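Student: I need the structure of the sequence given here:
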Amino acid sequence: MTKTILGLSGSLRRASFNAGLLRAAAELTLDGVKIETGSIRDVPLYDGDLEQAKGLPTSVKTLQTQLQAADGVLLVTPEYNNGIPGVFKNAIDWMSRGPGLEMWVGKPVAVLGASPGGFGTIMAQNHWLPVLRTLKVDFWAEGRLMVARAGDLFDGDGNLTDPASRDRLADFLDGFARAI
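Tutor: Numbers count the residues shown, from 1 in each chain. Okay, here's the model as predicted:
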């Protein structure tokens, strides 16, 4: 039976390191594991008035459908000003609306990320913990992957080219898939 993992990149930039990390993850999964990439690009800023007047946006319903079908979730997070990117948190907030909150409960979730800085995405990953606790996910804490100095490890199109980083990513994915 194939395990499906929903992969979400917290960056909107097409050549972002984190979108590239997610693409590499999709390439490196083992047999029996599939990463379905979701997109936060069309998720509007959360507005309770909009939700009340029109319900959940189509982009959010699509993400919720992907979340419901997934056996686990990879949050591939950039780090902006030592924290969670607002656009990424916004998408997760929308995904928890309506029936979405129950879809998160007990769902295996892993966090990883890439950054041009020397500390990877350690602060952003730590900032996800209270959010994930509130969503009552099954947070996978056995592995941690922070790709530091990403500018040296990705090409100009945002593709992860560093063999050692690709090996670390494959090991991370293997551990997460086994935990699901």
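Student: Whichever helix in the chain runs longest packs against which elements?
Tutor: Among the segments of the chain that qualify as a helix by DSSP state H, the longest is helix 163-179. For helix 163-179, the contact count by 3 or more Cβ pairs under 8 Å, 6 or more residues apart in numbering; DSSP states H and E identifies strand 3-9, helix 17-28, strand 72-76, strand 108-114, strand 145-147 as packing neighbours. All C-beta atoms are positioned from the backbone trio N, CA, C, and that covers glycine.
Student: Export the ones you listed to TSV and append columns for mean pLDDT and distance to residue 59.
Tutor: Compiled in TSV, those are given as follows (pLDDT from 0 to 100; distance: least, Cβ to Cβ, whole Å):
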stretch	mean pLDDT	distance to residue 59
strand 3-9	98	12
helix 17-28	97	17
strand 72-76	98	17
strand 108-114	98	20
strand 145-147	96	27
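Student: so can I have TSV of these showing mean neighbour count and distance to residue 162?
Tutor: What follows is these, written out as TSV (neighbours: other Cβ atoms under 10 Å; distance: least, Cβ to Cβ, whole Å):
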stretch	mean neighbour count	distance to residue 162
strand 3-9	22	18
helix 17-28	23	10
strand 72-76	26	16
strand 108-114	26	10
strand 145-147	23	8
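Student: So which of the ones you listed is nearest residue 154?
Tutor: Across the helices and strands packed on helix 163-179, the minimum distance to residue 154, taken as Cβ to Cβ, is reached by helix 17-28, at 5.3 Å.
Student: Please identify the buried residues of the longest helix of the chain?
Tutor: Judged by neighbour count using 16 or more other Cβ atoms under 10 Å, the buried positions of helix 163-179 are 165-166, 168-170, 172-173, 176-177.
Student: and what of stretch 114-124?
Tutor: The neighbour-count criterion (16+ other Cβ under 10 Å) identifies 114-117, 120-124 as the buried residues of stretch 114-124.
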